[in-house]
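**Student:** Predicted coordinates and the sequence they were generated for:
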Amino acid sequence: MRDAQGFTGKKVEIYSLPYSSINMWSTENAGGFLDTTAEVELWTRAGHIKVRLHKGVDIRKLDMLIANALLKG
């Protein structure tokens, strides 16, 4: 995860979250042609995390990545 802070966004906090700590997730986007707001919500052992994604991130590919990491048996 990357969190840019401050007016200029120069202060950046980066932290990692192992797939094994994710209990549940959801992904969301409006699905429209000009949609620029996609989000991922993660419910983890550390708490609830909501991440807004940049325009251009393929939310379906991200969803499949998480599903493959968590659900394969």
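**Tutor:** Okay, I see it. Remember, predicted model here, so these are calculated numbers, not experimental data.
**Student:** Okay, S26 and L70: tell me how far apart.
**Tutor:** 13 Å (Cβ to Cβ, to the nearest Å). Bear in mind the C-beta positions are built from the backbone N, C-alpha and C, glycine included.
**Student:** same thing with K10?
**Tutor:** From K10 to L70 the distance is 34 Å (Cβ to Cβ).
**Student:** out of the two, which sits in the busier spot?
**Tutor:** In terms of neighbours (other Cβ atoms under 10 Å), L70 is the more surrounded of K10 and L70; the figures are 13 against 8.
**Student:** Just give me how far the helix or strand hosting the more buried one sits from the chain centre.
**Tutor:** Per DSSP states H and E, L70 falls inside helix 59-71. Using Cα atoms, centre = their mean, to the nearest Å, we find the averaged C-alpha position of helix 59-71 to lie 11 Å away from the chain's own average C-alpha position.
**Student:** pLDDT on it, on average?
**Tutor:** For helix 59-71, the mean per-residue pLDDT is 90.
**Student:** same thing with stretch 22-29?
**Tutor:** Averaging pLDDT along stretch 22-29 yields 90.
**Student:** For that stretch, buried residues please.
**Tutor:** With burial defined by 16 or more other Cβ atoms under 10 Å, the residues of stretch 22-29 counted as buried are 22, 25, 27, 29.
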